[in-house]
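Asker: After the sequence you'll find the predicted model.
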Amino acid sequence: MADYFDHENSEDDLMHLEDEGEELQRPAPPVDKSRPQQLPEPLYRIQVEHSHETHYAWSEAEPGAEPDTGHLPERSQVVALTRYGRDLCLLLGVVRNPGYIDPSELIRIERAATAEDLERRASHEEREEHAFSVCQDKIMTHGLPMKLISAHFLLEEPKVLFFFTADSRVDFRELVKDLVSIFKMRIELRQIGVRDEARVTGGCGICGRILCCHGLTDKLVPVSIKMAKDQNLSLNSMKISGPCGRLLCCLAYEYGFYRENRRKMPNEGTRFNYDGAVFRVVEVNVPAERLRLSGDDGRSLELTADKFAFVDGRWTIKP
């Protein structure tokens, strides 16, 4: 977790909060020869219930579709072939304007979940509590430097997944042998990052809403200090980092807007000769597209972004 202070931190102090790309070594998705080469219609968005990962998906047949639309109903439960195996997912809805999507990333919805599937999932929840407790005890017995996050039984496969975090690689071969002897099925231990941990466990952000990674975010994109600086946010680790100790996911939401709009206006500290005095930019309000300038004669100006032009390699104020 990050160390929190009441004052602003330097960039060097905050570098440990940045993401360095994908923390989790993702398993390769199962080979699906029926995957479409073009985007199908309708296109759905689904959420894997145990990990809260979201994916684009399609369904060849529409059993259980609503008669008026022909689509599977929103917030219904479906069975899909996820990266971990065939499992229960929540159908979030139909995607109307998907933008660019790689067809190779699509997941196939096999069917709507039946009452039998839901009963099996309910029974698995009880088994998962027991499996978590057993694995936790075995980790303590072996003295392994790892934190167990969750245990999950797949819907139609004799396999149990254990997700854990650790500061480095862990030799858990003896642990796996113990677990196999107890559960008599295939065991998979997967090391995840702290952001993936927050996605699985959920929680409340400093905004008072559910964590983005748990309820909203499609992918955990890298977030940097530059995103906070370009949005004129306070470099206070308490205000710009989440419960996971990393920079807030939402810093990336408006970064593209700020980056593009900042190109249309000078940065803080830029100086101009204007109306017989030297003025310096002291504040840039990107959303309002307004800048405040302070002159060496004591005057203060507030101008809109369209009053500035970049000519011959320097910014000037239009007459």
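Answerer: Looks like it arrived, so ask away. Numbering: from 1, shown residues only.

Asker: For residue 48, which residues are in contact?
Answerer: By C-beta atoms under 8 Å, 6 or more residues apart in numbering, the residues touching residue 48 are 54, 55, 80, 82, 84, 87, 89. Placement of C-beta: from N, CA and C, glycine included.

Asker: Out of the helices and strands in the protein, which is least certain?
Answerer: Across the helices and strands of the chain, mean confidence by mean pLDDT, DSSP states H and E is lowest for helix 11-14: a mean of 68.

Asker: Point out where the stretch 101-250 of the chain drops to low pLDDT.
Answerer: With pLDDT under 70 as the threshold, the stretch 101-250 of the chain has no low-confidence stretch at all.

Asker: Next, please give the residue ranges for the strands of it.
Answerer: Remark: strands assigned in the stretch 101-250 of the chain by DSSP state E, counting those that start in this stretch are 107-112, 147-153, 159-165, 186-191.

Asker: about what we covered before: which of the contacts of residue 48 ranks first by neighbour count?
Answerer: residue 89 (26 neighbours; other C-beta atoms under 10 Å).

Asker: List the contacts of it.
Answerer: 46, 47, 48, 49, 57, 77, 78, 79, 80, 82, 109.

Asker: Three-state assignment for it, please.
Answerer: Using DSSP: H, G, I helix; E, B strand; the rest coil, the structure places residue 89 in strand.

Asker: what pairs with it across the strands?
Answerer: For residue 89, the beta-bridge assignment (DSSP bridges) gives partners residue 48, residue 78.

Asker: what's the domain layout of the protein?
Answerer: As assigned by automatic domain parsing, the chain contains the domains 11-21+196-258, 44-113, 119-192, 271-317.

Asker: how about the helices in the stretch 101-250 of the chain?
Answerer: Under the criterion DSSP state H, counting those that start in this stretch, helices of the stretch 101-250 of the chain are mapped to 115-142, 173-183, 194-201, 212-215, 225-230, 237-240.

Asker: Among those helices, single out whichever gets nearest to residue 281.
Answerer: Each of those was scored for nearness to residue 281 using C-beta to C-beta, and the closest is helix 225-230 (15.1 Å).

Asker: Tell me the helices and strands packed up against the closest one.
Answerer: Contacts of helix 225-230 with other secondary structure elements, assessed using 3 or more C-beta pairs under 8 Å, 6 or more residues apart in numbering; DSSP states H and E, are made with helix 11-14, helix 255-262.

Asker: So which bits of it are buried?
Answerer: For helix 225-230, a neighbour-count test (16 or more other C-beta atoms under 10 Å) marks 225, 227, 228, 230 as buried.

Asker: residues in contact with the residue of the chain most remote from its centre?
Answerer: Relative to the centre of the chain, and counting by C-alpha atoms, centre = their mean, the farthest-placed residue is residue 276 at 51.1 Å. Residue 276 sits next to no residue when contact means C-beta under 8 Å, 6+ apart.
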